[in-house]
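> Here is my input; please provide its structure:
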Amino acid sequence: MAEAKIFAGPRVRRLRNGLGMTQTAMAEGLGISPSYLNLIERNQRPLTVQLILKMASVYKIDIEDLQGETGSVAGELRQVFADPLLAGEVPGGEELVEVAEAAPNAAQGMIKLHRAYREQAARLSDLAGLLAEAGHDPVLSGARLPMDEVRDRLENRPNFHAAIEDAAEAFHTHIGGADDIGAALREWLRAEHGIVVRTLPIHAMPNLRRRYDRHSMRLFLSERLYPHDQLREIAQEACQIALRDEISAALDALALSTNEARRIARFELARYAALAVMMPYGAFIAAARRARYDVGILCARFRVSFEQAASRLTSMGRPDAQGIPFFTMEIDIAGNRIRRAGANGFPQAAFGGQCPKLNIHAAFAAPGQVLPEIVEMPGGARYLTIARTLEGPIAGFGERVRRTALLLACEQSHAGETAYAEALPGGPPLAVGPACRLCERPGCLARAEPPVTRPLGLDEMVAGMSVFDFQ
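Here you go, the predicted structure:
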């Protein structure tokens, strides 16, 4: 049987140095030449099983010391060098193994240093958020994506564009869309611009919601879309033609820095314009007041989805006909933010929206149900929150359904004006916070992270109800 061979030169050298021996002295004790031991330590000769056993016998060392944990250290080093800061200096897999073999203590030091750097970066990010809430303007490093810039612009301003609203209302009247806005939009596109709307089966357009073919002058829609989503796509295409000037003016007012950000914002403004055409301002605010802002009734009245009606409620900012100043937030089941907006901008500093106790997270356990609730922030501010799940495009058999959740909220002082006041649960309001890192509520069972404003209370004799106790 072939003799097993092990290349473990760096570990042999560490053991020899630990014993305070020269190569000559160790070679003499093992019965080999100093030059042969030198080749072993440089991984140019194998460390045979017989030599390992003799080394263990002569120097009373543990054979396990020659095996080490190179694999796990090299794996952690790969994670370190995957950091974007080291993108230009990523060593190969073999080089990482050599580093882990030759200098395991230094490798562990690099791993610990990188871990501390990542934790510190997260802490500084949270502290920058606190400074921003306090009215300071910290200089944040790192590049922002164009989508981040667009979100910042739209979320921090009122979700109301006066020129688009006026033009959308006039356009709705012009095409005679009071009875059937979908049919009116299709006829306007055909008669005025020669554009014909067609619905394609999934196999013909598997990955697109909408596609406009300029050569054949046809607007293709996916059959995956529900009727109200198809209507929004048609309205969005029409608005990019009929309301082009108003959308461009609103886009210029955002003062975006890149062309890519402008393209993203143009799409978002076209979505806004589409809802304004589907639910004209005057008719919608009147219906909302009569229905006491019942989103379900508004869905039926205008033949739109819950998300479309709720989003429209946040844009009722016309000075002479204002609605309740709602704000809204949509997330997926992993908590990723999809969209936020508000009649006065999204109240990030006051409300936050990242508390795991909010009913937007509970909505995933009760799909399709409307969950109203009163919540109280640490400073005493109270809000009416209404949460419900939303269904994405129609999924075929075997496909995972895309489900998100929407939160519609306003200050508690407006709750009595809504149809949800009677359905609110009794008892005190639910105590929530803006986000775990910014919340100082003690004993919170839902806490996911410690607050950055308090030191952790690490007491071996005491354990609190929260996962992260703090002083």
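> rest of the way, CA atoms for contacts and neighbours
Fine.
> Please enumerate residues in contact with stretch 163-177?
Applying CA atoms under 8 Å, 6 or more residues apart in numbering, the contact partners of stretch 163-177 are 178, 181, 183-185, 188, 242-243, 246-247, 250, 273, 276-278, 280-281.
> swap in stretch 366-381?
By CA under 8 Å, 6+ apart, the residues outside stretch 366-381 that reach it are 351, 358-359, 363, 382-390, 411-412, 420, 423-425, 429-434, 439-441.
> For it, give the mean pLDDT please.
Averaged across stretch 366-381, pLDDT comes to 94.
> Next, the buried residues of stretch 17-27.
23, 26-27 (16 or more other CA atoms under 10 Å).
> mean confidence score for that stretch?
Mean predicted lDDT for stretch 17-27 stands at 84.
> again, but for stretch 290-305
Taken as a whole, stretch 290-305 carries a mean pLDDT of 96.
> and the end-to-end length of that stretch?
End-to-end span of stretch 290-305 (CA to CA, to the nearest Å): 19 Å.
> Over to the closest residue in space to residue 448 that isn't next to it in sequence: give its phi and psi.
Leaving aside its sequence neighbours, residue 448 sits nearest to residue 436 (CA to CA, 6 or more residues apart in numbering; 6.3 Å). Residue 436 has phi and psi values of phi -60, psi -40 when expressed as degrees, to the nearest 10.
> same thing with the one 3 residues further on?
When quoted as degrees, to the nearest 10, the phi and psi of residue 439 stand at phi -110, psi 130.
> wait, it sits on residue 451?
Yes - between residue 439 and residue 451 there is a contact at 6.0 Å, judged by CA atoms under 8 Å.
> all helices for the stretch 201-350 of the chain, in order.
With DSSP state H, counting those that start in this stretch as the criterion, the stretch 201-350 of the chain has helices at 227-242, 244-254, 259-278, 281-290, 295-302, 306-313.
> what's the most buried one of those helices?
Burial of the helices of the stretch 201-350 of the chain is given as mean neighbour count (mean count of other CA atoms under 10 Å); helix 306-313 ranks first at a mean of 24.
> and that helix, what does it pack onto?
Packing partners of helix 306-313 (3 or more CA pairs under 8 Å, 6 or more residues apart in numbering; DSSP states H and E): helix 259-278, helix 295-302.
> Show the contacting residues for residue 386.
By CA under 8 Å, 6+ apart, residue 386 lies in contact with 359-360, 370-373, 407-409.
> residues in contact with residue 42?
Here residue 42 is in contact with 9-10 (CA under 8 Å, 6+ apart).
> For it, give its distance to residue 11.
Residue 42 is 10 Å from residue 11, by CA to CA.
> before we move on, what about residue 222?
Relative to residue 11, and taking CA to CA, residue 222 is found at 63 Å.
> Pick out whichever of these two has more residues nearby.
residue 222 (24 against 19; other CA atoms under 10 Å).
> Dig out what the closest residue to residue 212 other than its chain neighbours forms beta bridges with.
On the basis of CA to CA, 6+ apart, the spatially nearest residue to residue 212 that is not a chain neighbour turns out to be residue 219, at 4.4 Å. With DSSP bridges applied, residue 219 shows beta-bridge pairing to residue 197, residue 212.
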